[in-house]
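*Asks:* Sequence and predicted structure, then a few things I'm wondering about:
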Amino acid sequence: MAIANAQAPSQNQYSPMALLLPQTLSQNIPNRAALPQELSSAPSSMPIPSPTSLFNPSSPSSPTSQQNPVPILTPSTPYSTAWSAPSQIQPSSLPVQNSPSTPMSIHAHPLPPPSQQSLPTALHPMHIPESSSVPVRLLENGLPPPPPPCQPYTTMQGSTGTNGYGQIASLQGHPRITVASGFPALTAIQRTNNNRLDHASHSLPRNARKEKKPRGKAIRPPSLARRDRGPNIEDCINIAVGGVEVITIDVLVYLPLPPKAIINHHRLPSQPIFYDINKDSFCMVLNALGLLHQYSNLPTSTMVFDLLSDITIKLRDQYSLPLLSSSLPLAPRELLPLHLMGFSNYGRTNGSYSTSKLRPMSYESNTTIRDLLSSHSTYVVPKLVITKDNHFQLHTIIRAYPLEANISLAQVYLGSDESIRPHRCLSKRFYSMFRHDSDANLNVHALDEEEMEESCDELDNNEDSDEEDSRVVAQSLTSEQRSSDLSTEMSRGASMDHDPQHAIDGSTSSTSQPRLAFTSAAGIHSISSKLWEEDWISPSPLASIPEFFDHERTLAIFQIVAEVNRGGSECAGFEVKGANDQEMALEFIKLMQASVRSQDWSKILSPYWHFMCIDNQDNYISSGPGCEQSTMTEVFKQFFDAREDEFCMPLFESYTTLQSADIQISPDKRRELVLFGAVTALALVYGQYPGHLNPLLLIYLLNNCNLSCLHRDLVSSYLPSISEMLDRWLNMGPSDSIVDFAAHFASYHNIQVGVLSGRSETGHRMLAWEMLHSVVVGPVGIDNAYFEAFIEGFQLPCSTGVDLVDIVRSFSGGAEEFVRTAEASSILDFNSLHIRFLCSISEHSLHELANAFSIAGHNFAGKIFEEVFKEFLTGIGAPCPQLLEDAKSRLSIEVNASLSGLQSPTFRMRLMCWAVTGATRTLRDGNPIRIILVEDSDPCYLPATSDPDSRRAYILSGCCSFKTCTRTMRIPVSHLIYLLTQSYDSTTEIKDAQAAVHNWLLIQMLESAGAYTTV
């Protein structure tokens, strides 16, 4: 930048460029044209040298400047660089290693120390051309020049001397620039810059609110040496002849996990663990057991199913692997006795033992090895699955326990017995040694051989128990397994599941009958196991349905249905139009009634919908997600507020269950029950809790009416008194007194405890199931017409064979979290809101608002806008009852009806959500509610097409702008300041500024709830 022609400032003025002039730049200016001229007008107390004197010993500041002029280099003269180009480096100038295999190393050239002048070589005063007229002092009589005169010592001076011309020079002979007595080590330019920076720091305004920028992540300095990087999956992949991509895979087959009773007794891991500390010993034992299989140069296009099938064939030569009947409607990959495993929690270590966990994973029939290599954090955690030999490790597990083999324990390092005989205790021995990796005890002599052998004998003498345990493990590892023997599954408390993938293929349909596990309350009598004796294992998700989370639940479910339908028929959408929420709700209910008749809910669950608000002339007013939420809120209100007593009855505390009786019902009544079940399911899909239904009942229905899903921790979290009662019952025997349970049996079973005297051990266990069932479901079973109709709608079956139960299995956390997160959307207090406050106003308006708060009284003094708005939301009742009564004529019927809950502590919070989002609950998906304080000229307050007069009228009347599609409420700051600065009479209804502000906000929300306007 050329600034030579700029006007020189006065003595008290400073150039902005000089403030930014760094020291190194000031010492390397090539000519006079590049130096600011304001240096010539510096104060007289600071002698400023000319640009020539900076680099020329013969400048006017030197005693010999008039006699020995030195030519100044022009800008066209190139600088001589201090670093030679690669082509200019002579081989002799570099040190050469003696070893021919070691590449030639280049030593770095360090920069000069900070105390030295780093001027370009071409400007050094000792480089004098031959044409120069500067006289050179030669040695006379071979003697050196006289030493410089002695100078007083100062730490600021450093080591100095003369350069042969009478000037002070540094150790390297570079001339020192003119110095002053007060600052002996600073140059004139440095002093000038320091003065200007000091003046700027005192005169320029500072931003008092500017926070200190947090320190960022450290950046590695540049380096020529290559740093060691971690393992990469691409290192395992090679290209074979013909361009085929190959990889070497080590398949580790885990032994099946023992039942929970054995795991708890021996404190074994309850989940497969990636053994890292003892990985060498772990692989050695697996290799001895024939459970480590290596495939060298395997094409990555190999199907995973083919790989596991080959391993299964090899395992059957040594182990007795159970055969699954092909008559079951299972996919071929699920008939294999091996289950593919992947990492949970992205392979991160967790738990008290800090280990990485593995879990069974589902996969498609056409999944290839390359697909697994692309699944980062599931199958590919490079630091865990890549060996030193660049082999890729894949983990599988045998489904059925126990694993039986005719082997010698000593040969497989699991015992000291060298005799070859059948053993079925391999899993227990294996996991007793390796445990949780960090607490492994690999000493086989530490195993209790006697207990292990007794366990084998017990297994030999109890075939039925083995088969039962194997089904437990199979349930935890198989995603779509079901049994053809319903009575056996009822005795296990398991569900009669179906294969949705099979239904998708078109061979079967699940829309005709709901899937039930318990056909009646009497069916509980067939349960032989003890309540809560075995841990509940949630069904595995379907391979065709990806995992989804709470923040995307509604859209994810719609997209899942659409993706499934693309495999067959086209997923049709729908359109809902109406002048208000009530009309659109009626139109939507008509669409649901059509789905009740067709028994196909794929249209209702389609993502291709359009909710549109129109006027009486069918002109467009509004549309989008806000209209959808408002319509669905009105639908849910009609069923859960107005008609809940028609379908439900109170059962325990504030929870309800479905009214049912063992009688026949009319077709109209059945259709209403199916519709009510569908509305209940849709409420969960939209993240709203359905009325007051017992959450345990909803979890029970989403698990195919499997009572075993109501485990102890789940019951304790919702009904702690029931959990405590059942624990006391389970700790008693059939001969103990049950007088303390008289109230329960009288209320929920309609019997006296005297009838239960003389019960057997089996009857005592069965009564625990009965007690839980009666509190959650009701006194009768679910095989009556009421529950059958309700469940048919609740499952939302689609023509492709999938339903809500199948989809929820892929929800993160399963059915429990699906219900719990919907329950969390209910507004309990201010912390339940998903809200954000913003101030989009000028600094002037911000000061005005602060002044208005200070003069508005003690209710506003020292507060900010967010605190004022929070006080309004947590308030109760009407601030000005008479003004509210006058405004009721302007409110909709639904809003007037909702005023019955005005005294509720959460009424204003639910009203705000209704006005801003269209829903009376917290919407966890998408953006939070934004409450924005805006100027009168805010471009988003009104549409751009609105005229200025309309804007002025809205602002003067204090109208707030509500946009449900973007979940925003814009509040004009001018009207808020106006209300805060007015004078109020304490004898009137609006007694102070707080009453005025709260009444204004309440009326604005009441008028906007359920309405669609341009504001």
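*Replies:* Received, thanks. Residues are numbered from 1 along each chain as shown.
*Asks:* where does Ser810 land on pLDDT?
*Replies:* Reported pLDDT at Ser810 in the predicted model: 91.
*Asks:* Spit out the contact partners of it.
*Replies:* For Ser810, the contact set (CB atoms under 8 Å, 6 or more residues apart in numbering) comprises 541-542, 545-548, 560. To be clear about C-beta, it is placed using only N, CA and C from the backbone, and glycine gets the same treatment.
*Asks:* hmm, try it at 7 Å
*Replies:* For Ser810, the contacting residues are 541-542, 545-548, by CB atoms under 7 Å, 6 or more residues apart in numbering.
*Asks:* Report the lowest-confidence entry in those.
*Replies:* In terms of pLDDT, the weakest of the contacts of Ser810 is Leu542, which scores 85.
*Asks:* I'd assumed Leu286 was in contact with Leu252.
*Replies:* Yes: when contacts are counted by CB atoms under 7 Å, Leu252 is listed as touching Leu286 (5.9 Å).
*Asks:* any residues in contact with both of the two?
*Replies:* With CB under 7 Å, 6+ apart, Leu252 and Leu286 have common neighbours Leu292.
*Asks:* burial of the closest residue to Val674 other than its chain neighbours, as a residue count?
*Replies:* Leaving aside its chain neighbours, Val674 sits nearest to Gly793 (3.8 Å; criterion: CB to CB, 6 or more residues apart in numbering). Neighbourhood size, Gly793 [other CB atoms under 10 Å]: 27.
*Asks:* what's the pLDDT at Gly793?
*Replies:* For Gly793, pLDDT reads 94.
*Asks:* tell me the two of the contacts of Ser810 that are most distant?
*Replies:* Spanning the widest gap among the contacts of Ser810 are Leu542 and Phe548, at 12.3 Å by CB to CB.
*Asks:* Below-threshold pLDDT in the stretch 801-950 of the chain: ranges please.
*Replies:* Within the stretch 801-950 of the chain, the segments meeting pLDDT under 70 span 944-945.
*Asks:* what about the helices in it?
*Replies:* Under the criterion DSSP state H, counting those that start in this stretch, helices of the stretch 801-950 of the chain are mapped to 804-808, 814-824, 843-855, 865-873, 881-887, 893-898, 907-917, 948-957.
*Asks:* Which among the ones you listed is found nearest to Val304?
*Replies:* With CB to CB, the closest approach to Val304 among those belongs to helix 804-808: 22.6 Å.
*Asks:* Dihedrals phi and psi, the closest residue to Glu547 other than its chain neighbours?
*Replies:* Nearest residue to Glu547 in three dimensions, chain neighbours excluded: Ser810, at 5.2 Å (CB to CB, 6+ apart). Backbone torsions of Ser810, given as degrees, to the nearest 10, read phi -90, psi 0.
*Asks:* Please apply the same query to Phe745.
*Replies:* Torsion angles, degrees, to the nearest 10, at Phe745: phi -70, psi -30.
*Asks:* That one: neighbouring residues, count only.
*Replies:* Counted with other CB under 10 Å, residues neighbouring Phe745 total 20.
*Asks:* list the contacts for it?
*Replies:* Phe745 makes contact with 751, 753 under the criterion CB under 7 Å, 6+ apart.
*Asks:* Quick check, pLDDT for Ala33.
*Replies:* The model reports Ala33 with a pLDDT of 41.
*Asks:* so what does the strand or helix carrying Ile560 touch, helix or strand wise?
*Replies:* Using DSSP states H and E, Ile560 sits in helix 553-566. Packed against helix 553-566 by the contact rule (3 or more CB pairs under 7 Å, 6 or more residues apart in numbering; DSSP states H and E) you find helix 667-685.
*Asks:* The helix it packs on: which residues count as buried?
*Replies:* Buried residues in helix 667-685, counted by 16 or more other CB atoms under 10 Å: 670-685.
*Asks:* Residues contacting the helix or strand harbouring Gln629, please?
*Replies:* Assigned by DSSP H and E, Gln629 belongs to helix 625-640. Helix 625-640 is touched from outside by 576, 581-582, 584-585, 588-589, 611-613, 676, 679, 683, 686, 688, 690-691, 917-920, 964-965, 1010, with contacts defined as CB under 7 Å, 6+ apart.
*Asks:* picking that back up, could you measure the residue nearest to Val674 against Asp803, distance?
*Replies:* Computed as CB to CB, to the nearest Å, the Gly793 to Asp803 distance reads 11 Å.
*Asks:* And for Leu693?
*Replies:* 19 Å.
*Asks:* same deal with Ser854?
*Replies:* Per CB to CB, Ser854 is found 61 Å from Asp803.
*Asks:* quick one: which of the two has more around it?
*Replies:* Asp803 (25 against 13).
*Asks:* List the residues that contact Ser717.
*Replies:* Applying CB under 7 Å, 6+ apart, no residues contact Ser717.
*Asks:* separation between it and His744?
*Replies:* 20 Å.
*Asks:* Repeat that for Val973.
*Replies:* 60 Å.
*Asks:* Report pLDDT for the nearest residue in space to Thr680 that is not next to it in sequence.
*Replies:* Once flanking residues are discounted, Thr680 sits nearest to Pro690: 4.4 Å by CB to CB, 6+ apart. We have a pLDDT of 91 for Pro690.
*Asks:* count of residues packed around Ala440?
*Replies:* As a burial measure, Ala440 scores 17 neighbours (other CB under 10 Å).
*Asks:* change the start of the numbering to 55 and stick with it
*Replies:* Will do, 55 is the new start, and the previous item becomes Ala494.
*Asks:* got any ranges where this structure has weak pLDDT?
*Replies:* 55-240, 260-268, 270-271, 274, 276-283, 376-384, 502-582, 619-626, 998-999, 1064-1069.
*Asks:* which outside residues touch the lengthiest strand in it?
*Replies:* If you go by DSSP state E, the chain has its longest strand at strand 299-308. Residues outside strand 299-308 that contact it (CB under 7 Å, 6+ apart) are 290-294, 326, 340, 345-354, 365, 392, 423, 441, 445-452.
*Asks:* List only buried entries from those.
*Replies:* By neighbour count, with 16+ other CB under 10 Å, the contacts of strand 299-308 hold 290-291, 326, 340, 345-347, 349, 352, 354, 365, 392, 423, 445-452 as buried.
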